[in-house]
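In: sequence? don't have it. structure:
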């Protein structure tokens, strides 16, 4: 694969927003209704990097994707479990880059003693939803996640109700 994966910095915020913004504006993948501004995104990156990795994928010197981990819950007993997120530019999907990013993230999380990964994924019962495919669920299944739960009709975007499914991957026995 051509590209480089490295730890993100706050200076990457604007380029990562270019990846993220279409998900907010044109899809139900993100439940944000308006894209954050650069300062807000910088704060998110800085806060995440205090404890967890945030990785960027560069191809030809351009950031085309990123993945990061964050706390599943704030209580100490959850410290070995994280919620993960991944975003790729639409034209970069389907090339194995997402797996490469997640594999890199998982390696770092193992080093930190993380045992459980969780992904919260927007889901629609309508297979022909104009704002959402099931690609994220299929991707997570492909990289070893299993579905462990669902919250039904818990988010509203584009005048439609959306559910979320929770998927889990265990790194250690």
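Out: Ah, there it is. Just so it is clear, the model here is predicted, and its values are computed rather than measured. Residues are numbered from 1 along each chain as shown.

In: Where does the prediction get shaky in this protein?
Out: The chain contains residues with pLDDT under 70 at 1, 173.

In: Is the residue nearest the centre of it in a helix, a strand, or coil?
Out: Among the residues of the chain, residue 85 comes closest to the average C-alpha position under CA atoms, centre = their mean, at 1.6 Å. The three-state label given to residue 85 by DSSP: H, G, I helix; E, B strand; the rest coil is strand.

In: any idea how far residue 91 is from residue 21?
Out: Residue 21 is 14 Å from residue 91, where distance means CB to CB, to the nearest Å. In this view, the C-beta of every residue, glycine as well, is placed from N, C-alpha and C.

In: now residue 120
Out: 25 Å.

In: More neighbours: the two, which one.
Out: Using other CB atoms under 10 Å, the more surrounded residue of residue 120 and residue 91 is residue 120, with 16 against 8.

In: Write down the beta-bridge partners of residue 68, one by one.
Out: Counting by DSSP bridges, residue 68 forms beta bridges with residue 54, residue 85.

In: ok, now which ones touch it?
Out: By CB atoms under 8 Å, 6 or more residues apart in numbering, residue 68 lies in contact with 8, 48, 52-55, 84-85, 105.

In: right, and the pair among the residues you listed with maximum separation?
Out: Largest separation among the contacts of residue 68 by CB to CB: 8 and 84, giving 14.2 Å.

In: how long is stretch 27-46 from one end to the other?
Out: Distance across stretch 27-46, first residue to last, is 26 Å (CA to CA, to the nearest Å).
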